[in-house]
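Engineer: this one's sequence-less:
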C-alpha cells in the first residue's frame, strides 16, 4: 500500500499467511510497523526468528517446548503412570495452569478428520501407542475437544488403548460442548479432570 | 501458550503491538508460526526487518518510499504545479491507482486532533508550507478524510495556504462521508478529484 514498494508488498504477503489475516488487516499491520519506532519492527522480526529456532517438539510427549525432553517429561515430581492426551499444545498449558494434574501429557497435533484426509498416521498416535508399550502407564485420560472430531478421535484411541490393557478415561463434560479445551477456565478444567469416567 | 517458553511469551507480546491484536489473536499467530514450516516464520521475520530497513520518508513529499526522493517526486512526467495533500501513505496510493491524477503529493502523517495533542507541529505542515514558498505550486488539493478531524485539518490548511496566495481546493464529497480516502474505489476517487471546488 505504498507506491512502488516491493518490500512492503512482500511484508503484506507474509502477514497474510497468519490465520484469519486478509489483505486489509495485513496492510494495517505493515503500515503500523513502518509508522512505529524501528525497535518495534526489530523486536517482532527477532521474536519470530528466535521463537521458531528455540521451539522444538518434545521427543517424548510431542508437546512444543524449548528443551527436549520438555520440563514436564523431564520432571521427577510427575506421576508417570498417567497420560493426558490433548489435541494441541495450548490445551496442555491450560490443564497445567489448573494446577491439579500431576501426570504427563501427549500432544496429538490435531484430530482425526477423514474429510481433510487426517488419519492416525497424520497425528502422533503411533508415538502414543509406543509410549504405552513400556508398561509404566496405567491410565490414559483423553482430553481431546468435545467437538465431533475430538469425540471421534477419543473413541478411536480408547479402542486402541483398551486393547493394550491400559485403562482409558475421558474428561467429564465440564468442558462446554462444542468448545476448545484451551479456552476452558481453571475450575471447569479441574471438574473435568476429577469427573473423568472409564470409557 | 506453551509450558515454560520465554521465546513464545516474547513472540506473543511482539504480536500484541500490532493494531487490534489482543492476547488470543497473538497466541493464534504464534502457534500458527510454530506449526508451519520454518520457512514461513523465516520469511515473516525477514520481510519485517527488510521492509523497515528499506522504507524511509521522502524528503520532499514525506510519503513512505524505498527511494528518496520518491518515484513521484523524482518523475519528470508529473505536473509540479499541483499538490495533493493526504493524511497517510495509503491514501496517496489509492489516488495513484485511480490513474487520473498527474500532480505531486504531500503526506501529513495524521490530522489535527486537539484531544490527542496533535497540532500542526506534530504533522508535516511546516514542510508543506515550505514547499509552497518556492512559488512553483499553483494549486493545493486537500484530500484529507471526510471525518471531523480531516475537515478541520483541511479548513486550517486552506487558511494557511490561501494566505500565501496559492489556490486551494477540497476534493468533492464523492468520497463517502465518514470514510477513509484509502478505502474509496477508483471511480469514487476520480469523481472526487474532478469535482473539487475552490475553498
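Structural biologist: That came through fine. Source: prediction; values computed, not measured. Numbering: from 1, shown residues only, chains lettered A, B, ... in the order given.
Engineer: quick one: terminal-to-terminal distance for stretch A:131-143?
Structural biologist: 17 Å (CA to CA, to the nearest Å).
Engineer: average model confidence for stretch A:109-126?
Structural biologist: Averaging pLDDT along stretch A:109-126 gives 92.
Engineer: try stretch A:4-24
Structural biologist: Mean predicted confidence for stretch A:4-24 is 95.
Engineer: Does that stretch reach chain B?
Structural biologist: Yes - residues of stretch A:4-24 are located near chain B by CB under 8 Å from any CB of the partner chain, namely A:4-8, A:10-11, A:13-15, A:17-20. Just so you know, the C-beta spots here come from the backbone N, C-alpha and C atoms, and that holds for glycine as well.
Engineer: tell me the two of those residues that are most distant?
Structural biologist: A:4 and A:19 (29.8 Å; CB to CB).
Engineer: which outside residues touch stretch A:156-172?
Structural biologist: A:85, A:112, A:120, A:125, A:128-129, A:132-133, A:137-144, A:154, A:181, A:191-199 (CB atoms under 8 Å, 6 or more residues apart in numbering or on different chains).
Engineer: what residue ranges in chain A score low on pLDDT?
Structural biologist: A:173-174, A:176-177 (pLDDT under 70).
Engineer: any idea where the helices of it begin and end?
Structural biologist: Assigned by DSSP state H, the helices in chain A fall at A:6-15, A:23-35, A:38-54, A:71-74, A:89-98, A:125-133, A:148-162, A:186-194.
Engineer: okay, those, which one's buried deepest?
Structural biologist: Of these, the one with the most neighbours on average (mean count of other CB atoms under 10 Å in any protein chain shown) is helix A:89-98, at a mean of 23.
Engineer: who are the neighbours of that helix, in terms of helices and strands?
Structural biologist: strand A:82-86, strand A:104-107, helix A:186-194, helix B:23-35 (3 or more CB pairs under 8 Å, 6 or more residues apart in numbering or on different chains; DSSP states H and E).
Engineer: Report the buried residues of the second one.
Structural biologist: Neighbour-count burial for strand A:104-107, counted by 16 or more other CB atoms under 10 Å in any protein chain shown, picks out A:104, A:105, A:106, A:107.
Engineer: Can you get me the start-to-end distance on stretch A:120-130?
Structural biologist: Start-to-end, stretch A:120-130 (CA to CA) is 13 Å.
Engineer: just stretch A:133-145 next, same as before
Structural biologist: 25 Å.
Engineer: what does that stretch contact?
Structural biologist: So stretch A:133-145 is in contact with A:80-87, A:91, A:95, A:103, A:106, A:108, A:111, A:131-132, A:150-151, A:153-154, A:157-158, A:161, A:164, A:166-171, A:175, A:179-181, A:192-193, A:196, A:199, going by CB under 8 Å, 6+ apart.
Engineer: which residues touch the residue most central in space within chain A?
Structural biologist: Centroid-nearest residue in chain A, with CA atoms, centre = their mean: residue A:88, separated by 1.5 Å. Residue A:88 is in contact with A:107, A:108, A:109, A:110, A:182, B:31, counting by CB under 8 Å, 6+ apart.
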